[in-house]
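S.K.: Just need the structure, nothing else, for what follows:
(chains A, B, C and D)
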2 protein chains.
Amino acid sequence: MDTLRERKKQRTREALLRTALELFTTRGYEDTTVDDIADAVDVSQRTFFRYFAGKEEAALALQEMTETHFLRAVRDRPPQEAPMDALRLAVLDSWDTLSEVVESVAPVEVFLRMYQVIESTPVLLAAHLRRSLETEEAIARVLAEREGVDIDADPRPRLAVAVFGGVMRLTERSWSTGGDTSLDAIRALTVQYLEQVGPALTGSWRTD
Amino acid sequence: MDTLRERKKQRTREALLRTALELFTTRGYEDTTVDDIADAVDVSQRTFFRYFAGKEEAALALQEMTETHFLRAVRDRPPQEAPMDALRLAVLDSWDTLSEVVESVAPVEVFLRMYQVIESTPVLLAAHLRRSLETEEAIARVLAEREGVDIDADPRPRLAVAVFGGVMRLTERSWSTGGDTSLDAIRALTVQYLEQVGPALTGSWRTD
DNA sequence: TTGTCAATTGTCAGTGACTGTCACTAGCCT
DNA sequence: AGGCTAGTGACAGTCACTGACAATTGACAA
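M.R.: Model prediction:
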């Protein structure tokens, strides 16, 4: 990345991504065409598709980064922690250090606003959910290795991650539809929801 | 539904759907164009889009039916059952009575093969996951009402359903990638996975 | 410095999903 | 029988995306 060519490429990619996110968060995803993005950066449409597999990939680029970040956080957890504890502490740690990861591309607010765009754009939400599945699979493998179990023989790794993923998905949803769209808010929701998993699964909820 | 017009419409829709499923399961989803389907039924492409919002909707029509079926099964559970018990018994009941629902449109094998197509086609899987979210929301509302809690104040209904949904998603996945693609197999997997949720969430998995 | 090679880009043509419009046809109803 | 309306086909257009080829431009050695 020190040759002129590579720096140029880097700059083009960043320009495309930043412009795309800018347009998506202001004008909306569906109302932004790939041509709009390419024109704004002054490259051909074809070039956009050389950098991104599709419009979706650009829209989800930040989320991709944070999921990778989360995966790394899980890997870095001390091995003596129980699986669910490791997951919980890894997410919380991820939220706390998220800015550092995201800021290299765009301000955190853009990341946060993109979340709302995703949640309110059916095709984006769909794509996001599918990608989350892939992340979950990777995490399940990490957990399986930590605990020394065979991921194909023992369903617990994938099961734990699926449950955890379900809770996180719900967290994202209620954060993005709620009033407070700050990082602190999503952190607090995470804690709150994870605490409630146990109660939600056991017996009746009736208080009478 | 007894005028000639309506019978004709019904027939056109069924022909389109059956043909679409036939082509998707033999040739594959991506290798089937809407024109292929329309031509095979001898209607214009425009007509296809008058019956289905898109290619995806046709591909997921059977799954839509079974999800509605499942939702109904949840509603029909005796109210004294604990939420998670109601969900578990409702899915199992759904699998058992699935044929009746599906057979009106296509043989159950088509339904089962479509599941594999969905699981192996990224854009379909994505769309399927998103629709599942909508079903989950509906189920959460049913549970909340059963238990007499406020769905917006108490996170437990959505939480329970999210966890349950995560497990079901995993069940679908491992069924569709596994060897036995029968209804019995998916039923057995459902039972097995639900039993393992508890163990997966608690403490360490190490046996040493 | 220059010439060669390889990477990057633009242009163009094409496909496939989907939408709006409008005229036409065919059941429906009196 | 004749008017009304739902359903259809034909057509044109948009947008995401792809393959192919030619033009450009940086890299690197002679």
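S.K.: if you average pLDDT over stretch A:44-64, what comes out?
M.R.: For stretch A:44-64, the mean per-residue pLDDT is 98.
S.K.: can you list the residues of chain A near DNA strand C?
M.R.: A:5-6, A:8-9, A:12, A:42-47, A:50-51 (Cβ under 7 Å from any atom of the strand). The way it works is simple: take the backbone N, C-alpha and C, and place the C-beta from them, glycine included.
S.K.: Just the buried residues of those.
M.R.: Taking 16 or more other Cβ atoms under 10 Å in any protein chain shown as the criterion, what is buried in these is A:Thr12, A:Val43, A:Tyr51.
S.K.: separation between the second one and B:Ile118?
M.R.: Meaning A:Val43. 36 Å (Cβ to Cβ, to the nearest Å).
S.K.: Which ones among the residues of chain A next to DNA strand C map onto helices?
M.R.: Judged by DSSP state H, helices contain the following of these: A:Arg5, A:Glu6, A:Lys8, A:Lys9, A:Thr12, A:Gln45, A:Arg46, A:Thr47, A:Arg50, A:Tyr51.
S.K.: any chance of the residues you listed in TSV, plus distance to A:Leu133?
M.R.: What follows is these, written out as TSV (distance: Cβ to Cβ, whole Å):
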residue	distance to A:Leu133
A:Arg5	36
A:Glu6	33
A:Lys8	35
A:Lys9	30
A:Thr12	31
A:Gln45	30
A:Arg46	31
A:Thr47	30
A:Arg50	27
A:Tyr51	24
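S.K.: Could you identify the most distant pair in these?
M.R.: Greatest spatial distance among those (Cβ to Cβ): A:Glu6 and A:Gln45, at 22.9 Å.
S.K.: pretty sure A:Gly203 contacts B:Ala82?
M.R.: Yes - A:Gly203 is within contact range of B:Ala82, at 5.1 Å (criterion: Cβ atoms under 8 Å).
S.K.: Kindly provide the distance from the closest residue to chain B within chain A to B:Arg146.
M.R.: Across chain A, no residue is closer to chain B than A:Gly166, which sits at 3.3 Å (Cβ to the nearest Cβ). Per Cβ to Cβ, A:Gly166 is found 20 Å from B:Arg146.
S.K.: thinking again about what came up before, run through the residues that contact the residue of chain A closest to chain B.
M.R.: B:Ala162, B:Val163, B:Phe164, B:Gly165, B:Gly166 (Cβ atoms under 8 Å, 6 or more residues apart in numbering or on different chains).
S.K.: and the third one, how many neighbours?
M.R.: When neighbours are counted by other Cβ atoms under 10 Å in any protein chain shown, B:Phe164 registers 26.
S.K.: Let me know the pLDDT of it.
M.R.: Reading off the model, B:Phe164 has pLDDT 98.
S.K.: Tell me which residues touch the residue most central in space within chain A, please.
M.R.: In chain A, the C-alpha nearest the mean C-alpha coordinate belongs to A:Gln63, at 3.5 Å (Cα atoms, centre = their mean). With contact taken as Cβ under 8 Å, 6+ apart, A:Gln63 is in contact with A:Phe111, A:Met114, A:Tyr115, A:Ile118, A:His128, A:Arg131.
S.K.: could you check whether stretch A:82-92 is close to chain B?
M.R.: Yes - using Cβ under 8 Å from any Cβ of the partner chain, we find that stretch A:82-92 touches chain B at A:Ala82, A:Pro83, A:Met84.
S.K.: Touching that stretch from outside, list them.
M.R.: Taking Cβ under 8 Å, 6+ apart as the rule, stretch A:82-92 contacts A:70, A:73-74, A:76-77, A:81, A:139, A:143, A:146-147, A:156-157, A:160-161, A:164, A:168, A:187, A:190-191, A:194, B:200-205.
S.K.: how many neighbours does A:Tyr29 have?
M.R.: Using other Cβ under 10 Å, A:Tyr29 has 21 neighbouring residues.
S.K.: Work out for me the element A:Val123 sits within.
M.R.: Using DSSP states H and E, A:Val123 sits in helix A:122-147.
S.K.: Flag every buried residue along that helix.
M.R.: A:122-133, A:135-136, A:138-140, A:142-144, A:146-147.
S.K.: ok, which of these also contact chain B?
M.R.: Near chain B, by the rule Cβ under 8 Å from any Cβ, you find A:Pro122, A:Val123, A:Leu125, A:Ala126, A:Ala127, A:Leu129, A:Arg130, A:Leu133, A:Glu147 out of those.
S.K.: thought the fourth one was touching B:Ala126?
M.R.: So that's A:Ala126. Yes - using Cβ under 8 Å, A:Ala126 is in contact with B:Ala126, at 3.9 Å.
S.K.: could you pull out the strands for chain A?
M.R.: Using DSSP state E, no strands are assigned anywhere in chain A.
S.K.: Kindly report the domain assignment for it.
M.R.: A:4-55, A:60-198 (automatic domain parsing).
S.K.: Quickly compare these and say which is most buried.
M.R.: domain A:60-198 (a mean of 18; mean count of other Cβ atoms under 10 Å in any protein chain shown).
S.K.: From the chain's centroid, how far away is that domain?
M.R.: 6 Å (Cα atoms, centre = their mean, to the nearest Å).
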